[in-house]
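1. can't give you the sequence, but here's the structure:
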């Protein structure tokens, strides 16, 4: 197997939402010490329950840091044309140039982000003109038409207003918009959530096609593990603002090491299997005052004294399989 | 009407008119639906289908929120569209209770959650005074694994999503209903808490004898929890039968496509076939004959012209011409 190049890596990334009310500072530690790598030409999935920091991570990676979200420490390093650059070294204008050309973003609830008062064609032209040095309308339109055709969408969508399209079609148009300038990195924040299964399948099919054609990196956030199984090459599992496990998709599903991942995988209902499934006991922790030590210990069935006191480090326990858990580490070492 | 049925829906249709009264087009949201649930045999019945298939409209008609265009709904032998006085209506509302999709939207964020619980207890005459109401409410909350002291004086945002949804269910239980209609009750709940709510539905059925109509687009959870299922497509119930049969050996081509399209939580079994999505969905509603014909790989000439009828095959009803010939052979066996 060829050595994979890294397109993006984070180092001890920290980002908090800070609020100040009545002289009291409150920090929501949405991302705390997150370190991982994303390789070129892969589909990387990020999973976890709501409020675990998945969307925040995507925002920080995309350089969308707006108050109250603040970057506290750590770094996000991209490899752009062979050069390593920190996302925090760019000014606003440089970031704008980077967006859509190098990386693009399919936001959450993207069915509703299209401007309802202008036709899809105009929205395509606006984006192309804003991010490429194209002055000519015809030239911009050619790019849009060619792209719509290559994705197999009907050309009539260009003439339509968003409300004339079904939810699934709008979702596919949003994906088409995000990929029109052939970016190297695409972020998708729950792009298939709220779609019907058959439409969801079509959208996943489209995302896969685009990745294959552009030969680029897709970073996909969703809480639906079944979508991850269908689409991704590697998965990162997040819990309470931390990355707790990163491994190839098949390993996450067959031999998860972190107790939280084990719960996630075992609680999935399957057709043809009526055995009783259980949820993770307890409820998600508050990010403003997370538990001491390992943040999962209050809900973990294997928790020991050390889990309450010390924070487990995020280590590579098996080749390509990173876990932050004392128990899992001991298990692998003894095996 | 036979008294031994809990609910019986007969040839129920609902037509919405889109646009103006004279120039608007008709949209048949529910088309001649037939289903029934037996009394004295609590079950969880799933209504499944994609958005716009008419599952919520059908459920709302059974709840009495929407009036049907034609057809009848009988609840314990009484036609619910013809309930006359307040007493009868109040009886029906006590017997059939809804659970809504988003628990946070079901409660006013500015009101304490127990207000709703007490109001339900008082308004339906289940409790005569505050202390009696407190007892009834506490009992209902204990059934869902909470207690009055846990939710007392709390606002919805102070409870977790799972707790609010359970409070919603507790509210529905106060009137001691025989039928709960739950519209996508777990789709807004986190994956990690989803199973606890479904396990609770199962407990309601077995321990409290409550029948549940569970509306969902998620067939995996439907399989996990329910006994029978009806698959809806563009207003029609296309397949109805025991969950085990329908989901492990689907007969209608739409059910087959739907089942195949569920992403499986197993990276070794990915899809290898490609599918075609409907481009313009309104056209499908307007189409003559079988609404699925355009996307169906087995479509015959007949499918584009005539409306298919229910055929009984293998313990279930299927609305498809593919099985209409078998009817005779099934009949001859009996």
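-> Received, thanks. Note that the structure is a prediction, hence the values are computed from the model and not measured.

2. when you work out contacts or count neighbours from here on, use the C-alpha atoms and nothing else.
-> Fine.

3. contacts only, for residue B:50.
-> Going by C-alpha atoms under 8 Å, 6 or more residues apart in numbering or on different chains, residue B:50 touches A:196-197, B:217, B:232-233.

4. which of these fall in helices?
-> Counting by DSSP state H, the members of these that fall within helices are residue A:197.

5. test my guess that residue A:270 contacts residue B:225.
-> No. With contact taken as C-alpha atoms under 8 Å, residue A:270 and residue B:225 are classed as non-touching, separated by 11.1 Å.

6. pick out whichever of these two has more residues nearby.
-> When neighbours are counted by other C-alpha atoms under 10 Å in any protein chain shown, residue A:270 and residue B:225 differ, and residue B:225 comes out ahead with 24 against 18.

7. quick one: contacts for the more buried one?
-> Each residue near residue B:225 by C-alpha under 8 Å, 6+ apart is listed here: B:44, B:198-199, B:201-202.

8. and of those residues, the nearest to residue A:241?
-> Using C-alpha to C-alpha, the shortest approach to residue A:241 within the contacts of residue B:225 belongs to residue B:198, at 27.7 Å.

9. residue B:219 - nearest residue in space that isn't next to it in sequence?
-> Once flanking residues are discounted, residue B:219 sits nearest to residue B:48: 7.2 Å by C-alpha to C-alpha, 6 or more residues apart in numbering or on different chains.

10. let me know the pLDDT of that neighbour.
-> We have a pLDDT of 90 for residue B:48.

11. turn the contacts of residue B:50 into a markdown table, columns for pLDDT, neighbour count and distance to residue B:324.
-> Formatted as a markdown table, the entries for the contacts of residue B:50 read as follows, by pLDDT from 0 to 100; neighbours: other C-alpha atoms under 10 Å in any protein chain shown; distance: C-alpha to C-alpha, whole Å:
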| residue | pLDDT | neighbour count | distance to residue B:324 |
| --- | --- | --- | --- |
| A:196 | 77 | 21 | 29 |
| A:197 | 81 | 24 | 28 |
| B:217 | 83 | 22 | 27 |
| B:232 | 91 | 24 | 19 |
| B:233 | 88 | 24 | 19 |
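
12. how many other residues sit next to residue A:137?
-> Around residue A:137 sit 12 other residues, with neighbours defined as other C-alpha under 10 Å.

13. for it, which residues are in contact?
-> residue A:125.

14. please apply the same query to residue B:49.
-> With contacts defined as C-alpha under 8 Å, 6+ apart, the neighbours of residue B:49 are B:55, B:216-217, B:231-233.

15. so the residue nearest to residue B:219 bridges to which residues?
-> Assessed by DSSP bridges, residue B:48 has beta-bridge partners residue B:216, residue B:231.

16. pretty sure it is in contact with residue B:216, am I right?
-> Yes. Using C-alpha under 8 Å as the test, residue B:48 is close enough to residue B:216 to be in contact (5.2 Å).

17. over to residue A:221: give its phi and psi.
-> phi -100, psi 130 (degrees, to the nearest 10).

18. show the contacting residues for residue A:198.
-> If a contact means C-alpha under 8 Å, 6+ apart, then residue A:198 has B:257-258, B:261-262, B:277 as its contacts.

19. picking that back up, in TSV, list the contacts of residue B:50 along with distance to residue A:217.
-> TSV is the format used below for the contacts of residue B:50 (distance: C-alpha to C-alpha, whole Å):
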residue	distance to residue A:217
A:196	25
A:197	24
B:217	31
B:232	38
B:233	37
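
20. residue B:18: which of the contacts of residue B:50 is nearest?
-> If you rank the contacts of residue B:50 by distance to residue B:18 using C-alpha to C-alpha, residue B:233 comes first, at 19.4 Å.
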